[in-house]
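1. Can you look at this prediction? I've put the sequence above it.
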Amino acid sequence: SEALAGWKGRGTIETGLVAPGGIGGGVRGKFLAVYAVTLATLVANLVAISGTAAVGIRAVPENLQGLLTAVPSPAAVFTAVATQVVLAAVAAAACLAITSSLRSLKEAHHALTTVMLAVSVLAAAGLVPMPLPREAIAAMPVAGQVLVARLALTGEPIGLLLPLTMLAAVGWCWLLLKATAAALADEDIIFRGPDAAGGLLQRPPERRLPSPLQGVLPAIVGPAGGGPVRRLLPGNRAIALPPPQLFPVLPPAAAWLPGR
């Protein structure tokens, strides 16, 4: 969120846009900076997970060692890590594209929180069986990389899914960076913000604040109703997973609409 929204919030974007590298060079530089931080976070998480797993395995009693699943092969681990490396690139490019039309860090934080929910749904599509060909899932952002990593770690055949998801990730990065550069080239967005923009980037009219009842009651009813909703759904995880995740979100949104 700091990369572009902070750039505009500090009022230094004009200097960046007139730099010799041009808008494209600035976007690529910002992408590499965000990608480097994302990769560093990925490495730290992998080290932490590996260390925790190693300690946990040693703590398992010998009579229960047979219950442990087989350790993935080095090739499977390498494949899984490679997919996460390209996933980090897609995530970095997506963050830049989303925050390119925003004008403050506060707006960027709110927008990226919503994006994290969407990423969770896409990741779930790569973890649970879906009524789609694996090739279609492999071409999706996030879902494709999660699918290939899961197949590699569980020892299932991958075939052409690995190169497909790699190429798809490159394509998604290219499209997202082009969208970022296009947004930065729009003077209405850069210098006056989305208030002056049109179409999808146009801000909605000002809304009234929700009442205390609209703010508190849905937050209680939503999580409490997730369990009953889950019990009413079929056993197919692809169908049963999204509704309990959406139920805590939809009642607050529905309660807020009359206060607009």
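-> Received the coordinates, thanks. A quick note: this is a predicted structure, and the numbers were derived from the prediction, not measured. Numbering: from 1, shown residues only.
2. Now do the same for residue 101: helix, strand or coil?
-> The local conformation at residue 101, judged by DSSP: H, G, I helix; E, B strand; the rest coil, is coil.
3. surely it meets residue 183?
-> Yes - between residue 101 and residue 183 there is a contact under Cβ atoms under 8 Å: 5.0 Å. In short, each C-beta sits where N, CA and C put it, glycine included.
4. tell me the mean pLDDT over stretch 114-132?
-> Averaged across stretch 114-132, the pLDDT comes to 80.
5. Can you give me the neighbour number for residue 76?
-> Number of residues near residue 76 (other Cβ atoms under 10 Å) recorded here: 18.
6. Not counting its neighbours along the chain, what's nearest it?
-> Using Cβ to Cβ, 6 or more residues apart in numbering and skipping residues adjacent in sequence, the residue nearest residue 76 is residue 152, 4.4 Å away.
7. which helices and strands sit right next to the helix or strand containing that neighbour?
-> Assessed by DSSP states H and E, residue 152 sits inside helix 143-153. Secondary-structure packing of helix 143-153 (3 or more Cβ pairs under 8 Å, 6 or more residues apart in numbering; DSSP states H and E): helix 74-99, helix 105-127, helix 134-138, helix 161-184.
8. Mind putting those into CSV with distance to residue 148?
-> Shown next, in CSV, are the helices and strands packed on helix 143-153 (distance: least, Cβ to Cβ, whole Å):
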stretch, distance to residue 148
helix 74-99, 5
helix 105-127, 8
helix 134-138, 6
helix 161-184, 5
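9. Least confident of those helices, on average?
-> When I compare the helices and strands packed on helix 143-153, helix 105-127 is least confident, with a mean of 77.
10. Buried residues in that helix, which are they?
-> 105, 107-108, 111-112, 119, 122-126 (16 or more other Cβ atoms under 10 Å).
11. ok, the closest residue to residue 179 other than its chain neighbours - contacts?
-> For residue 179, ignoring the flanking residues on the chain, the nearest one in space by Cβ to Cβ, 6+ apart is residue 97 at 4.8 Å. When contacts are counted by Cβ atoms under 8 Å, 6 or more residues apart in numbering, residue 97 touches 176-177, 179-180, 183.
12. among these, which ones are buried?
-> 176-177, 179-180, 183.
13. As CSV, these with distance to residue 144 would be great.
-> What follows is those, written out as CSV (distance: Cβ to Cβ, whole Å):
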residue, distance to residue 144
176, 15
177, 19
179, 19
180, 21
183, 25
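14. Poorly predicted segments of the stretch 151-260 of the chain, please.
-> By pLDDT under 70, the low-scoring segments of the stretch 151-260 of the chain are 186-210, 214-215, 217-219, 221-241, 244-245, 247-249, 251-260.
15. Which single one of the buried ones among the contacts of residue 97 is nearest to residue 142?
-> Here the nearest of these to residue 142, counting by Cβ to Cβ, is residue 176; it sits at 12.5 Å.
16. Distance of that closest one relative to residue 182?
-> According to Cβ to Cβ, to the nearest Å, residue 176 stands 11 Å off from residue 182.
17. One more: residue 156?
-> Computed as Cβ to Cβ, the residue 156 to residue 182 distance reads 40 Å.
18. for residue 146, same thing?
-> In terms of Cβ to Cβ, residue 146 sits 29 Å off from residue 182.
19. more neighbours, the two?
-> Remark: of residue 146 and residue 182, residue 146 carries more neighbours, 23 against 14, as counted by other Cβ under 10 Å.
20. Quick check: pLDDT value at the more buried one.
-> 89.
21. And it, how far from residue 108?
-> 25 Å.
22. and if you look at residue 128?
-> Taking Cβ to Cβ, one finds residue 128 at 31 Å from residue 108.
23. Residue 83 now?
-> 27 Å.
24. Next, the contact list for residue 119, please.
-> Contacts of residue 119 by Cβ under 8 Å, 6+ apart are 91, 142.
25. and if we set it to 6 Å?
-> residue 142 (Cβ atoms under 6 Å, 6 or more residues apart in numbering).
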